[in-house]
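Visitor: return a 3D structure for these sequence lines:
(2 chains)
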Amino acid sequence: MNWLIGLYPTSWRARYEEELRGLLTDRPPSVRDRIDLVRGAFDAHLHPDLVGPGRDAVVIPWVRRRPGLFALVGGAVWVAMLLIVGVGLGRGEEPDITGLFWLSILVMAIGLLGSNSAAEARSVKRGLAASALLFGAGLVLPWEAKVIPALPLVVLVGAGMLWLAATRAGLSTRTRRLVVAIGFLLPSILIAPVGGGLYEPSPWFALAILLPYGLAWMLVGALTTLRGVSGPTNQPSGVPSEATA
Amino acid sequence: MNRGLTEFGRFAEPTLYILVSLSDGPKHGYAIMTDVEAMTGDPLGPGTLYGALARMERRGLIEALEPEERRRPYRLTGLGATTLRTQLEGLAGFTRLGLDRLGGATG
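Guide: The predicted structure is shown next:
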């Protein structure tokens, strides 16, 4: 439920979040209510003046929305890549998606960099440094050996992505760890032996495992684009600062 | 139907329901929802409720009172009461007209 309220703009939440949470506690939302909340969040973004100037208006500069756009585009490229593979498999072809693969990883990594809060800065920088090393290794290694840096790179970016998705959803640290463990480690364990050539699963199986990551990145990207990443804003004085997700 | 509330767009009808709900005294969000559901038979979604409340508050039709724990009651303002009266009188006139014509056609 937290993530649904999180879809609303910061200024709107500063004014109505507390009572809306109270309402949803009194009356747990049905599926129809959840859809209504999503619709309401879009409306609130389209009409920021409802809680606007002179009240609790917070203008989120585009520089704070940009990381979300990178995450959104990175996820979309990832999904597009898998769809191309899926269509190719249906036709009995093997399309070359190498360029799309590296492009999506690169764009996602940029989104990861921009989506961190101050508290996560150190771990994200370490993750990016490792990503850069693996990416560089992927560029210089011969084609047959590219899988060696590619797999840990996917693991790194994928785990970061799930962590971000769980953070944006407002989950506790303990639940976030559980999400990363179940959502990432399990598929990784299943698919890692493929890279080692230990077994060859159905390509559809691999697609089914990889597709949710792109969709989750798109979700994180959309949320981050709407809400902006944590940091100073040009909000008027006396306005509560944006809650860090 | 709600000519004076046309600027509320898709929130015009919920706004009218909320105005009627608040006409007998202040209510918080949950009480408004249950009251509207009892009046109309249709539940008011939480997103629609707060979309309408924000617009009504912005236009000065209602005002928020001090919160009681996590619940914040709202009450009708003078402008809200006038707007509601105008809307209901308009609807009553429209209803009379419709019934007269229906009576003339079938009678």
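Visitor: report how many residues lie close to the closest residue to chain B within chain A.
Guide: Going by CB to the nearest CB, chain B is nearest to A:G40 of chain A, at 2.4 Å. Every C-beta, even on glycine, is put in place using the N, C-alpha and C of the backbone. Per other CB atoms under 10 Å in any protein chain shown, the neighbour tally for A:G40 reads 27.
Visitor: and it, what element?
Guide: helix A:31-46 (DSSP states H and E).
Visitor: please name every helix or strand in contact with that helix.
Guide: When contacts are defined as 3 or more CB pairs under 8 Å, 6 or more residues apart in numbering or on different chains; DSSP states H and E, helix A:31-46 sits against helix A:2-6, helix B:46-59.
Visitor: quick one: those helices as a markdown table, columns for distance to A:A181 and mean neighbour count too.
Guide: Converted to a markdown table, the helices and strands packed on helix A:31-46 look like this (distance: least, CB to CB, whole Å; neighbours: other CB atoms under 10 Å in any protein chain shown):
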| stretch | distance to A:A181 | mean neighbour count |
| --- | --- | --- |
| helix A:2-6 | 20 | 17 |
| helix B:46-59 | 33 | 23 |
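Visitor: which of the ones you listed sits closest to A:L153?
Guide: A:L153 lies closest to helix A:2-6 among these, at 27.7 Å (CB to CB).
Visitor: mean confidence for the closest one?
Guide: Mean pLDDT, helix A:2-6: 78.
Visitor: do the same with stretch B:55-71
Guide: Averaged over stretch B:55-71, pLDDT sits at 89.
Visitor: what's the burial count for B:G90?
Guide: There are 14 residues near B:G90, going by other CB under 10 Å.
Visitor: let me know the pLDDT of A:T244.
Guide: In this model, A:T244 carries a pLDDT of 31.
Visitor: now do the buried residues in the lengthiest helix in chain B.
Guide: What stands out as the longest helix in chain B, according to DSSP state H, is helix B:78-106. Of all the residues in helix B:78-106, those buried under the rule 16 or more other CB atoms under 10 Å in any protein chain shown are B:G80, B:T83, B:L84, B:Q87.
Visitor: could those go into CSV alongside distance to A:F101 and pLDDT?
Guide: Shown next, in CSV, are the buried residues of helix B:78-106 (distance: CB to CB, whole Å; pLDDT from 0 to 100):
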residue, distance to A:F101, pLDDT
B:G80, 58, 92
B:T83, 59, 92
B:L84, 60, 93
B:Q87, 59, 92
